[in-house]
Structure formats: C-alpha cells, structure tokens
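Visitor: What follows is a predicted protein model with its sequence.
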Amino acid sequence: MLALVETLSQIEQDDSIPKNVRIKLQNAMLALKDSEKNNKMKANRALQELDEVSDDPNMPAYIRPQIWNVCSMLEGF
C-alpha cells in the first residue's frame, strides 16, 4: 500500500494537475493510510476516488495511464 501512496503522491505533486483532481488524489491517499480498515476496504475507498479522477476532462492525458495503473494494482487487493 505504501508504494501506491508514494505513486499517488508523485502524481499529485505534478503542477499540471487541477485542484479538484489533487483533492481526489489526497482523499485516495488518506483512504490507503487509514489504519482502522483492512486492505480490501482501503482499496475500495481509494478506487472510488480514483474512478472519479480518471474521467475528469481536465486531467492531462499523460497522467491518466498512471492513474489506471494504480487502479489495476488496487483491484488486486
């Protein structure tokens, strides 16, 4: 999970990311860091946030595959 948080953090730090997308990425990272939930619940919550992000028309095209990659890894939990 920590590797996924780091990946999302790197994406979030990109200057071309719109503010609304940054907020969703931060919410996904918080969900993954939640120590009160099991990994499956963390992954599901993060996937909900990232699903909304991946469809955002303001998202730079080169970021979308990175988001999809994280989603693919989360689906394995």
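Guide: Everything's here; your move.
Visitor: At which residues are the strands of this structure located?
Guide: Using DSSP state E, the chain contains no strands.
Visitor: Roughly how far does the residue located most distally from the centre of it sit from residue 42?
Guide: What lies farthest from the middle of the chain is residue 36; by C-alpha atoms, centre = their mean that is 19.0 Å. Counting by C-beta to C-beta, to the nearest Å, the gap from residue 36 to residue 42 is 10 Å. Just so you know, the C-beta spots here come from the backbone N, C-alpha and C atoms, and that holds for glycine as well.
Visitor: now do residue 48
Guide: Note on residue 48: its distance to residue 42, by C-beta to C-beta, is 11 Å.
Visitor: Between those two, which has more neighbouring residues?
Guide: residue 42 (22 against 13; other C-beta atoms under 10 Å).
Visitor: What is the neighbour count of residue 74?
Guide: Neighbours of residue 74 (other C-beta under 10 Å): 22.
Visitor: check contacts around it.
Guide: If you count contacts by C-beta atoms under 8 Å, 6 or more residues apart in numbering, residue 74 has them with 4, 43, 46, 47, 50.
Visitor: so of those residues, which ones are in helices?
Guide: Among these, the ones falling in helices (DSSP state H) are 4, 43, 46, 47, 50.
Visitor: could the contacts of residue 74 be laid out in TSV, adding pLDDT?
Guide: Shown next, in TSV, are the contacts of residue 74 (pLDDT from 0 to 100):
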residue	pLDDT
4	95
43	96
46	96
47	96
50	95
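Visitor: how near is the nearest residue to residue 66 once chain neighbours are set aside to residue 56?
Guide: Leaving out its chain neighbours, the residue that sits closest to residue 66 by C-beta to C-beta, 6 or more residues apart in numbering is residue 11, at 5.6 Å. As judged by C-beta to C-beta, residue 11 and residue 56 stand 13 Å apart.
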